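Asks: Pasting the sequence and the predicted model now:
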Amino acid sequence: MPPRTALAALAAGAAMTLATTFATPVNASPVDNPCELAVTFLCQFMPIAPDLEHDIDLTVDQPPVDPADPAVPPAPPAVLP
């Protein structure tokens with residue numbers, strides 16, 4: 001390995017080691033107003049619905065599907081050139 005490549009690899013390894021060694025945990029608590037720290041003014045107009053969290057019940061079974069009534073027509077067979 002040429003000395004320049006070895007030096008670059010050593011510097012990259014040292015930087016990754018320092019970054020992972022001195023990394024601090026991040027506080028990831030939810031924010032009341034998600035647009036509080038937004039850079040753009042368009043955040044106020046985006047459809048954000050935090051009240052809908054946990055409103056979908058995925059434990060309820062869906063009604064059975066009638067196999068005699070295909071919702072999607074069958075695709076035509078592929079033609080090879």
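Replies: Received, thanks.

Asks: In this protein, where is pLDDT below threshold?
Replies: Residues of the chain meeting the criterion pLDDT under 70: 1, 28, 30-34, 37-41, 44-58, 70.

Asks: count of neighbours near Ala71?
Replies: 6 (other CB atoms under 10 Å). In short, each C-beta sits where N, CA and C put it, glycine included.

Asks: now swap in the one 4 residues further on and tell me
Replies: If you count neighbours by other CB under 10 Å, Ala75 ends up with 6.

Asks: Please, which helix or strand holds it?
Replies: Per DSSP states H and E: Ala75 is located in neither a helix nor a strand.

Asks: and it, how far is that from Asp69?
Replies: 17 Å (CB to CB, to the nearest Å).

Asks: before we move on, what about Thr59?
Replies: From Thr59 to Asp69 the distance is 26 Å (CB to CB).

Asks: Also Leu42?
Replies: From Leu42 to Asp69 the distance is 44 Å (CB to CB).

Asks: Look at these two and report which has more neighbours.
Replies: Leu42 (9 against 6).

Asks: what residues are up against the more buried one?
Replies: For Leu42, no residue meets the contact criterion (CB atoms under 8 Å, 6 or more residues apart in numbering).

Asks: repeat that for 10 Å
Replies: By CB atoms under 10 Å, 6 or more residues apart in numbering, the residues touching Leu42 are Cys35.

Asks: Just the helices from this protein, written as ranges.
Replies: 3-21 (DSSP state H).

Asks: What is the neighbour count of Ala14?
Replies: Neighbours of Ala14 (other CB under 10 Å): 10.
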